[in-house]
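**Student:** Whatever this is, show me its structure:
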Amino acid sequence: MIAPKIAPWKRSRVDELTEVLNSDGVVGIVDVGGVPAGNMLDMRSNLRDSMKITMAKKTLIRIAWENSGRSSEELENLFKDAIQPCIVQSDNLNPFQLFIELEKTRQGRAAKEGELAPMDIIVEKGPTTFGPGPIVGEFNAVGIPAKIDKGKVAIQKTTTVVEKGQPISADLGIMLAKLDINPIEIGIILTGAIEDDFFFPASSLNIDLDQVRTEIITATSGAFNLACNMRWLSEQTMPTLLSKASSEALSVAVEAGVTNETTTPLFISRANAHALALAGQLDSSALDEELSAALGAAASAASTSVASSATETVVETTEEEEEEEEVQEFGGLGDLFG
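**Tutor:** Model prediction:
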């Protein structure tokens, strides 16, 4: 039996796909089914700096996937929900970032005849922008109850015109588009990705990164506090535990009156404070020059601190008053010009 001859371009294409699949970074499958050519060009242009999207037939992708040594079962899982699969590869995004960037390409388009509704299509009750005319009958003909109300066409009641999974007629698709209802979602949709031989289905990538980051920080902080409170010795907790132990030891030593090179300056400082407090209650004639000078310096420092605080308060108040004056002046100028 003679083996079928394989076109050279197919061999070359498989080699190219295999090289892409063996590239560093993240590799995945995206679905571009239903995306018009113009939209696809715009989407790829916006994504070109962060990822590479390679289009090929399923058969060639399967062969290249096998040649790259990857699991065929994983590929079939990626193909399962893809109408027109393509290979996506990025060496500067992780799977979660890749998913987020591709989600930005999602957009709606008008439904074509025979396409299935991806969800219940509901037309809400209320006025439209259309004036009286034949369009009232066109709406009613496709099951959208409409009438003239206050000179405009209005939808009489909220109506489910197509249930999820049911086909959409051509006329209904046109009338929905006139109401700016574009139910068919298109985009470069990631079905899954692989990084370092770990498989990520798309459902596991759809997370709120900011929320997860906050939860990780909170959990890390809680774990660190728990480790410190239970005296768990590690590279991370040792500096904090040593600092806390040193502070507690110093406090005990001071309260116990233990005198050493660390506690002596504290005792002297405390004694000076007590002496100044006592001297402040005596008549100035009972004080020598050194003690009077010390009291004066302490009083001057306290006065400077109070004056500084008062100045900051005045500055804040002045700024607020200036802002109010500017607002008033602007209002007066507006009044001048009507």
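
**Student:** mind saving the C-alpha coords of the helix or strand that residue 61 is a member of as PDB?
**Tutor:** Using DSSP states H and E, residue 61 sits within helix 58-67. Only the C-alpha atoms of helix 58-67 are listed here, as PDB (Å, rounded to 0.1, in the frame of the first residue of the first chain):
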ATOM      1  CA  LYS A  58      -7.000  21.600  13.500                       C
ATOM      2  CA  THR A  59      -5.300  18.600  11.800                       C
ATOM      3  CA  LEU A  60      -2.000  20.400  11.500                       C
ATOM      4  CA  ILE A  61      -2.200  21.700  15.100                       C
ATOM      5  CA  ARG A  62      -2.800  18.100  16.300                       C
ATOM      6  CA  ILE A  63       0.300  16.900  14.500                       C
ATOM      7  CA  ALA A  64       2.400  19.700  15.800                       C
ATOM      8  CA  TRP A  65       1.100  19.200  19.300                       C
ATOM      9  CA  GLU A  66       2.100  15.600  19.200                       C
ATOM     10  CA  ASN A  67       5.500  16.400  17.800                       C
END
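
**Student:** so what's residue 24 up against?
**Tutor:** Listed by CB atoms under 8 Å, 6 or more residues apart in numbering, the contact set of residue 24 reads residue 91. No exception for glycine: its C-beta is placed from N, CA and C like everyone else's.

**Student:** Now do it against residue 14, distance only.
**Tutor:** As for residue 24, its distance to residue 14 is 20 Å (criterion: CB to CB, to the nearest Å).

**Student:** try residue 33
**Tutor:** Using CB to CB, one gets 22 Å for the distance from residue 33 to residue 14.

**Student:** neighbour count winner among those two?
**Tutor:** Neighbours were counted for residue 33 and for residue 14 using other CB atoms under 10 Å; residue 14 has more, 21 against 13.

**Student:** The helix or strand hosting that one packs against which elements?
**Tutor:** Element membership for residue 14, per DSSP H and E: helix 8-21. In terms of contacts (3 or more CB pairs under 8 Å, 6 or more residues apart in numbering; DSSP states H and E), helix 8-21 is packed against strand 52-55, helix 58-67, strand 85-90.

**Student:** pLDDT averaged over it - what is it?
**Tutor:** For helix 8-21, the mean pLDDT works out to 88.

**Student:** List the contacts of it.
**Tutor:** With contacts defined as CB under 8 Å, 6+ apart, helix 8-21 is touched by 27, 52, 54, 56, 60-61, 63-65, 67-68, 70, 87, 89.

**Student:** wait, what's in contact with residue 44?
**Tutor:** 53, 188 are the contacts of residue 44 under CB under 8 Å, 6+ apart.

**Student:** Next: residue 183.
**Tutor:** Residue 183 makes contacts with 108, 111, 117, 118, 119, 121, 162, 168, 176, as judged by CB under 8 Å, 6+ apart.

**Student:** Among those residues, name the buried ones.
**Tutor:** If you count burial by 16 or more other CB atoms under 10 Å, the buried members of the contacts of residue 183 come out as 111, 117, 121, 162, 168, 176.

**Student:** need the helices for the protein, in chain order.
**Tutor:** If DSSP state H is used as the criterion, the helices of the chain fall at 8-21, 37-47, 58-67, 72-79, 95-103, 135-141, 170-178, 202-205, 209-229, 238-256, 263-279, 289-336.

**Student:** Find the one among these with the highest mean neighbour count.
**Tutor:** Across those, averaging neighbours per residue (mean count of other CB atoms under 10 Å) puts helix 95-103 on top, at a mean of 20.

**Student:** between it and strand 85-90, how many degrees?
**Tutor:** For helix 95-103 and strand 85-90, the angle between their directions (axes from the mean of the first three to the mean of the last three CA atoms, to 10 degrees) works out to 130 degrees.

**Student:** between helix 95-103 and helix 209-229, how big is the angle?
**Tutor:** Using the same axes, to 10 degrees, the direction of helix 95-103 lies 160 degrees away from that of helix 209-229.

**Student:** and for helix 95-103, what are the contacting residues?
**Tutor:** Outside helix 95-103, the residues that touch it by CB under 8 Å, 6+ apart are 26, 28, 30, 47, 50-51, 88, 90, 93, 187-190, 193, 195, 200, 202, 205-207, 209.

**Student:** Of those residues, keep whichever come out buried.
**Tutor:** Among these, the ones that count as buried by 16+ other CB under 10 Å are 26, 28, 30, 47, 51, 88, 90, 93, 187-190, 193, 195, 200, 202, 205.

**Student:** which sections of the stretch 101-250 of the chain are below the confidence cut-off?
**Tutor:** Residue ranges of the stretch 101-250 of the chain with pLDDT under 70: none are present.

**Student:** Got the domain ranges for the chain?
**Tutor:** Using automatic domain parsing, the domain parsing of the chain gives 8-106+187-207, 121-179, 213-258, 272-327.

**Student:** The closest residue to residue 63 other than its chain neighbours and residue 21: what is the separation?
**Tutor:** Nearest-residue entry for residue 63: residue 14, 5.1 Å, with adjacent residues in sequence omitted and distances by CB to CB, 6 or more residues apart in numbering. The spacing between residue 14 and residue 21, counted by CB to CB, is 10 Å.

**Student:** Ok, residue 187 next?
**Tutor:** On the measure of CB to CB, residue 187 and residue 21 end up 23 Å apart.

**Student:** So which residue is dead centre in the protein?
**Tutor:** For the chain, the residue sitting closest to the mean C-alpha position, by CA atoms, centre = their mean, is residue 210 at 4.6 Å.
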